[in-house]
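Enquirer: the following block contains a protein sequence and its predicted model.
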Amino acid sequence: MDVRRLGDPAEFLKAASPLLLKDEARHNLILGIAGTLRDHPSHYPDYALWLAEDGSETVGAALRTPPHHLVVARPRDDSALEALAAAIDDDLPSVVAAQPEAGAFAAAWAARTGATPRLKRAEGVFALERVEPPAATSGLLRDAGTDDRPLLLEWFGAFAEEALGETPDAQSAARVIDHRLRAGQAGISLWEDDRPVSLAAFGNPTPNGIRIGPVYTPPPYRRQGYASALVAELSERLLAERRFCFLFTDLANPTANRIYEQIGYRRVCEAAEIVFEEP
């Protein structure tokens, strides 16, 4: 088995799509990021792409947009993950993938480098094909614009700190927000009830779907149905041109998981972010 590092996202997608599209929902993260790299190369200042190949067949795939984590696809078998772990020469902070491939790659990386893998976050990968409308709530959806940028920066930072346990990176958040505000297949929506009360972004489209996230409601506006209404209406809009909407949830937050299930999202698989601690 050979591992090839590529510099062309279009070539990567052409070779990896037969593997990835066998389970588009499971692979929505790697498909969406690779598609954004192809269509909007300036969005990620740096990236790396790898394919594990058995002859002419792609049996494993991975990508990274430093300084972020590695994303790996479900391989034909674990030997592809082992080959990727042996070939990747980056100093990896973490891996994100569906389970069990996240754990299998982490074990292979630990065996090679001596790093200690630690589960940072257990996630659910959800997919939606038809919206089940939630109970009516006051307010309406509107598209965010450049005038909302200060509020978006504040809320993206609050989401990173609260949901991800990360120190907000203003520069990274600004890049994401600016991309979402101007890119054709991405955006940010707000639920407004006299004032903005909830946020939902979307982007990283796949061949048949698109991912929603982050979703954030400030504490004073929670438990009033705003996030449910926003995600439901946004999903309905997005499904007008696509088969699927996807999102990731924190499995430690049963309230959020229940909200999404009530509007029609169904869990496809579990995923994990596993960090690597130096020996």
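Expert: Great, that's in hand. Computed from a predicted structure; not experimentally measured.
Enquirer: show me the contact partners of the helix or strand encompassing E261.
Expert: Following DSSP states H and E, one finds E261 within helix 254-262. Contacting residues not belonging to helix 254-262 are listed as 124, 126, 132, 134, 215, 227-228, 231, 247, 249-251, 267 [CB atoms under 8 Å, 6 or more residues apart in numbering]. Just so you know, the C-beta spots here come from the backbone N, C-alpha and C atoms, and that holds for glycine as well.
Enquirer: so of those residues, which ones are in helices?
Expert: A227, S228, V231 (DSSP state H).
Enquirer: closest to R76 among those residues?
Expert: Nearest to R76, judged by CB to CB, of these is V231 at 34.6 Å.
Enquirer: what distance do you get for that closest one to G213?
Expert: 10 Å (CB to CB, to the nearest Å).
Enquirer: do the same with A183
Expert: 15 Å.
Enquirer: count of neighbours near H179?
Expert: By other CB atoms under 10 Å, the residues close to H179 number 17.
Enquirer: now name the helix or strand holding L31.
Expert: Residue-wise, L31 maps onto helix 28-39 under DSSP H and E.
Enquirer: downstream neighbour of that helix in the secondary structure list?
Expert: strand 48-54.
Enquirer: mind listing what's buried in that next one?
Expert: A48, L49, W50, L51, A52, E53 (16 or more other CB atoms under 10 Å).
Enquirer: if I pick the most centrally placed residue in the chain, what's in contact with it?
Expert: Centroid check for the chain by CA atoms, centre = their mean gives L29 as the closest residue, at 4.6 Å. Counting by CB under 8 Å, 6+ apart, L29 touches V71, V96, N204, R211, F248.
Enquirer: and the strands in the stretch 51-200 of the chain?
Expert: For the stretch 51-200 of the chain, the strands defined by DSSP state E, counting those that start in this stretch occupy 57-64, 70-72, 94-98, 116-128, 140-143, 187-192, 196-203.
Enquirer: out of the ones you listed, deepest packed?
Expert: Across the strands of the stretch 51-200 of the chain, the average number of neighbours (mean count of other CB atoms under 10 Å) peaks for strand 70-72, which reaches a mean of 26.
Enquirer: that one pairs with which strands?
Expert: strand 57-64 (antiparallel), strand 94-98 (parallel) (DSSP bridges).
Enquirer: distance between that strand and the chain's centre?
Expert: How far strand 70-72 lies from its chain's middle: 11 Å, per CA atoms, centre = their mean, to the nearest Å.
Enquirer: rewinding a little: pipe the strands paired with strand 70-72 into a markdown table and attach mean pLDDT and distance to A87 per row.
Expert: Formatted as a markdown table, the strands paired with strand 70-72 follow (pLDDT from 0 to 100; distance: least, CB to CB, whole Å):
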| stretch | mean pLDDT | distance to A87 |
| --- | --- | --- |
| strand 57-64 | 97 | 9 |
| strand 94-98 | 97 | 14 |
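Enquirer: could you dump the ones you listed into TSV and include distance to A104?
Expert: Output for the strands paired with strand 70-72, formatted as TSV (distance: least, CB to CB, whole Å):
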stretch	distance to A104
strand 57-64	11
strand 94-98	9
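Enquirer: list the contacts for R76?
Expert: Counting by CB under 8 Å, 6+ apart, R76 has contacts L19, D54, E57, V59, G60.
Enquirer: which among those gets closest to G187?
Expert: Using CB to CB, these come closest to G187 at L19, 29.2 Å.
Enquirer: return the backbone torsion pair for that closest one.
Expert: Backbone torsions of L19, given as degrees, to the nearest 10, read phi -80, psi -50.
Enquirer: for stretch 210-228, how far is the first residue from the last?
Expert: 18 Å (CA to CA, to the nearest Å).
Enquirer: same question for stretch 138-147.
Expert: 23 Å.
Enquirer: just to revisit the earlier point, more neighbours, V231 and G213?
Expert: Neighbours per residue, other CB under 10 Å: of V231 and G213, the larger number sits with V231, 29 against 17.
Enquirer: how close does K22 sit to L70?
Expert: From K22 to L70 the distance is 21 Å (CB to CB).
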